[in-house]
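> the following comprises the amino acid sequence and a computationally predicted model.
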Protein chains: 2
Amino acid sequence: MQKEVTAFAPASVTNVGCGFDVLGFALDDPGDEVVVRLNGHKGLAIKNITGDNGMISREIEKNTAGRAASSFVNEIGFKEGIEIEIHKKMGLGTGLGSSAASAVAAVVALDALLETKFDKRTLMKFALEGEKLTCGGRMHADNVAACLYGGFIIARSVDELDIINIDYPDDLYCTILYPHIVMDTSDMRRILKKDISLADGVRQWGNIAAMVAGLMKKDYKLISRSLKDYIIEPVRSALIPGFNEIKNAALDNGALGCSISGSGPSIFALSRSGNNAEKIAGAMQNAANKLGVENEAFISGINKAGPRIISKNF
Amino acid sequence: MQKEVTAFAPASVTNVGCGFDVLGFALDDPGDEVVVRLNGHKGLAIKNITGDNGMISREIEKNTAGRAASSFVNEIGFKEGIEIEIHKKMGLGTGLGSSAASAVAAVVALDALLETKFDKRTLMKFALEGEKLTCGGRMHADNVAACLYGGFIIARSVDELDIINIDYPDDLYCTILYPHIVMDTSDMRRILKKDISLADGVRQWGNIAAMVAGLMKKDYKLISRSLKDYIIEPVRSALIPGFNEIKNAALDNGALGCSISGSGPSIFALSRSGNNAEKIAGAMQNAANKLGVENEAFISGINKAGPRIISKNF
């Protein structure tokens, strides 16, 4: 049997209300799995993709995991044949960082397969090459960073690859309501205004500063007061059917806060304890169902570890 | 002798590079002193002001400390005579929150004199009434909050009076270079653009998020990377003669970061240890002197306690 490694990398929630392009966290579940396998040929090839309904390109340079892997092997000058299997465990275009998860799983699997022992910053550089395919121009590192670093992260600067892990309360849970509508990440960027008022900016950085303090102090009330978005949510939520009703259902049922995950359409709510998260999931689904919005819900803790090797055969 | 109380309230550095209108900290020194004294008459009167070169109004409603005091006594319906002495210990219009310090010292002194035992949030409401005189329209709470709460603060929201104290490294020191030029706080607000680009906004909230994390984790390198202002400093620094040279002198001599204090013209630099702060002060003064900019320098630790009662006679 050829040497092979399978890695899991988690879904992630980014923006987190007040931290557009900067704040994010990783979920325990769902996540993508990527297998990398030496095959005795030359170069990279995508052998198989599952869970994508045939939507994702099998071409290395048009596939986020493929491009991340290609950036990895080019960097070290590895020319032997590697085949890649990608198992998508979440919908595409959900706003849960699916493309980032596949890219991260690929580079983490390669790092184990080729025993390169790269640090996270280096792995991130490779994974971001994949993410470039989806970002519609402006790079943002928050999905890849949350997925790769685990826990809560601040992506201070993409140019400097400056990623900071911060503490957060252990019993923080996340409910995701994924409405089954299709949105394009690039479109969701294009609809944003290029300018914002200084006054809105001040509110936003007041909130993200307080949010970071709330997470690190484990102050739930402060997290709740800070989880507000005056800039992005008002624009994007208009494209998510039932957003206001679903958000209100979450808040009315004890969510600390609720907003759009990444560029949507998934809606996330934070809460204290898994029981609360379940109750909130029920309420959000009820609200969506009443409006005829087909949907599914996920409940997850915050994933402290990030990606992991599932199996290793060599 | 009539009942009297003297209170000290500290100068403060606000904005702190990346946190316009939101982030601030209190200094050990300088600070203003206010005496409040029952005088057997009716109503409030300003008896004396020192250190202002006659620049500050003696009319209660046109004086920040007077107006804060008036808001205080009106709230509790206290009608007996109180005379106020204000001892300014720092220049006016320095960008070090002199008006906030006088207002805070006044309400803290009154709280002791009248034994009202108000919480900080309530005292803050009174002090902000004074600050309204100086803000040129838009309220900002950061100077009053830093002065009253001490330490490092996030002023998340003025409307909600939501002030959060955050941890910071014990050996953090501040150097202030005060160039002797006159600037008007209202003017310094008016020159700011009403809109900013979303891209600059993202950089700014990335930096403030990381700055809060850096302070709370006591990570000096992170504080240093985050103490950058792409929005306000480029506009205001053009009005401060020698700003770039003075800032570079601070950074070249080991400052973690350097920017404008409040609306200027004072320039602050953060550093690790009092020795560094002194070396930086020398370098900043040299740079200013070379350019013929008259100046003075202060070196201070971060003031954890905020205002204090200096004396109490009754």
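Perfect, thanks for sending it.

> where does residue A:197 fall, phi/psi-wise?
Dihedral pair for residue A:197: phi -80, psi 150, per degrees, to the nearest 10.

> bridge partners for it, pull those for me.
residue B:195 (DSSP bridges).

> now it: how far from residue B:203?
17 Å (Cβ to Cβ, to the nearest Å). (C-beta placed from N, C-alpha, C; glycine too.)

> more neighbours: the two, which one.
residue B:203 (23 against 16; other Cβ atoms under 10 Å in any protein chain shown).

> leaving out sequence neighbours, find the closest residue to the more buried one.
Excluding the flanking residues, the one nearest residue B:203 by Cβ to Cβ, 6 or more residues apart in numbering or on different chains is residue B:230, at 5.3 Å.

> who touches the one you found in this structure?
B:200, B:203, B:204 (Cβ atoms under 8 Å, 6 or more residues apart in numbering or on different chains).

> low pLDDT regions in the stretch 1-150 of chain A?
Applying pLDDT under 70 to the stretch 1-150 of chain A flags residues A:135-139.

> got the residues of it near chain B?
Applying Cβ under 8 Å from any Cβ of the partner chain, we find that the stretch 1-150 of chain A lies next to chain B at A:18, A:19, A:20, A:21, A:22, A:23, A:138.

> name the element the second one belongs to?
Using DSSP states H and E, no element contains residue A:19; it sits outside every helix and strand.

> which residues touch it?
Residue A:19 neighbours (Cβ under 8 Å, 6+ apart): A:142, A:154, A:208, A:211, B:205, B:209.

> what about it, distance to residue A:88?
Taking Cβ to Cβ, one finds residue A:19 at 26 Å from residue A:88.

> and what of the third one?
The span separating residue A:20 from residue A:88 equals 26 Å under the rule Cβ to Cβ.

> residue A:253 contacts residue A:278, doesn't it?
No - counting by Cβ atoms under 8 Å, residue A:253 stays clear of residue A:278, with 10.1 Å between them.

> those two: which is more packed in?
residue A:253 (20 against 15).

> secondary structure class for residue A:178?
Classification of residue A:178 using DSSP: H, G, I helix; E, B strand; the rest coil returns strand.

> how is chain A divided into domains?
As given by automatic domain parsing, the domain ranges for chain A are A:4-166, A:172-301.

> elements contacting the lengthiest strand in chain A?
Using DSSP state E, we find that the single longest strand of chain A is strand A:23-42. Here strand A:23-42 touches strand A:4-14, strand A:80-87, helix A:98-113, helix A:142-149, strand A:152-157, strand A:172-179, helix A:198-217, strand A:295-301, going by 3 or more Cβ pairs under 8 Å, 6 or more residues apart in numbering or on different chains; DSSP states H and E.

> relative orientation of the fifth one and strand A:172-179 in degrees?
For the pair strand A:152-157 and strand A:172-179, the angle between their directions (axes from the mean of the first three to the mean of the last three Cα atoms, to 10 degrees) equals 70 degrees.

> the helix or strand that strand A:152-157 is followed by vs strand A:23-42, what angle?
Sequence-wise, the next helix or strand beyond strand A:152-157 is strand A:162-166, with elements assigned using DSSP H and E. Going by the same axes, to 10 degrees, strand A:162-166 is angled at 120 degrees with respect to strand A:23-42.

> neighbouring strands - and their directions - for strand A:162-166?
strand A:152-157 (antiparallel).

> test my guess that residue A:13 contacts residue A:175.
No - counting by Cβ under 8 Å, residue A:13 does not reach residue A:175; the two are 10.4 Å apart.

> shouldn't residue A:311 be in contact with residue A:3?
No - Residue A:311 is beyond contact range of residue A:3, at 11.7 Å (criterion: Cβ under 8 Å).
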